[in-house]
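J.: Build me a structure from this.
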Amino acid sequence: MRNLSGEDLGKIEEIMLDSASGRIAYAVLSFGGFLGMGDKLFAVPWAALSLNDDRDGFILNVDQGVMEEAPGFDKDEWPDFADPTWGRSIHAHYNATPYWDR
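T.: Next up is the predicted model:
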């Protein structure tokens with residue numbers, strides 16, 4: 001995953017589905033750490049991603065600072081993805097409209 005400046009923003013580890021609607025809700029990215037150690041996970045709204053021109057990866061139009069300040073979580077302590085308060089805060093961080101409001 002890269003931004004428009006070509007900076008590496010991490011790797012998509014998981015895709016989270018909203019089981020009620022069947023829509024893709026979030027991409028879960030790993031970012032940070034060294035050689036996979038110390039990586040934090042980040043839920044990024046699917047709507048914040050776009051396919052790059054080569055169609056071989058995704059673009060997240062934020063700079064690395066946004067990722068460094070993003071609310072992350074540990075691989076053993078995932079947030080409640082069904083919590084609308086949590087979901088709105090994640091969407092706001094990435095300046096994306098919540099998928100349930102579209």
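J.: What are the phi and psi values at residue 93?
T.: phi -60, psi -40 (degrees, to the nearest 10).
J.: can I assume it is in contact with residue 65?
T.: No. In this structure, residue 93 is not within contact of residue 65 by Cβ atoms under 8 Å, at 11.8 Å. (Glycine included, C-beta is placed from N, CA and C.)
J.: Looking at these two, which is more packed in?
T.: Using other Cβ atoms under 10 Å as the criterion, residue 93 and residue 65 rank with residue 93 on top: 19 against 9.
J.: Look up how far residue 71 lies from that one.
T.: Remark: distance between residue 93 and residue 71 (Cβ to Cβ, to the nearest Å) = 7 Å.
J.: Enumerate every residue touching residue 73.
T.: 40-43, 79 (Cβ atoms under 8 Å, 6 or more residues apart in numbering).
J.: and what of residue 56?
T.: Residue 56 neighbours (Cβ under 8 Å, 6+ apart): none.
J.: center of the protein - which residue?
T.: residue 44 (1.8 Å; Cα atoms, centre = their mean).
J.: That one - that's part of a helix, no?
T.: No. Secondary structure of residue 44 (DSSP: H, G, I helix; E, B strand; the rest coil): strand, not part of a helix.
J.: List of residues touching the worst-scoring helix or strand of the chain on mean pLDDT?
T.: Of all helical and strand segments in the chain, the minimum by mean pLDDT, DSSP states H and E falls on helix 64-68, at a mean of 85. With Cβ under 8 Å, 6+ apart as the test, helix 64-68 has contacts from 3, 7, 9-10, 29, 31-32, 42, 93-94.
J.: Tally up the residues packed near residue 92, please.
T.: By other Cβ under 10 Å, neighbour count at residue 92 equals 12.
J.: What of residue 51?
T.: Count around residue 51 with other Cβ under 10 Å applied: 10.
J.: all helices for this protein, in order.
T.: 64-68, 84-93 (DSSP state H).
J.: Tell me which of those lies nearest to residue 17.
T.: helix 84-93 (13.6 Å; Cβ to Cβ).
J.: Check which helices and strands the closest one is in contact with.
T.: Helix 84-93 makes packing contacts with strand 40-45 when contacts are defined by 3 or more Cβ pairs under 8 Å, 6 or more residues apart in numbering; DSSP states H and E.
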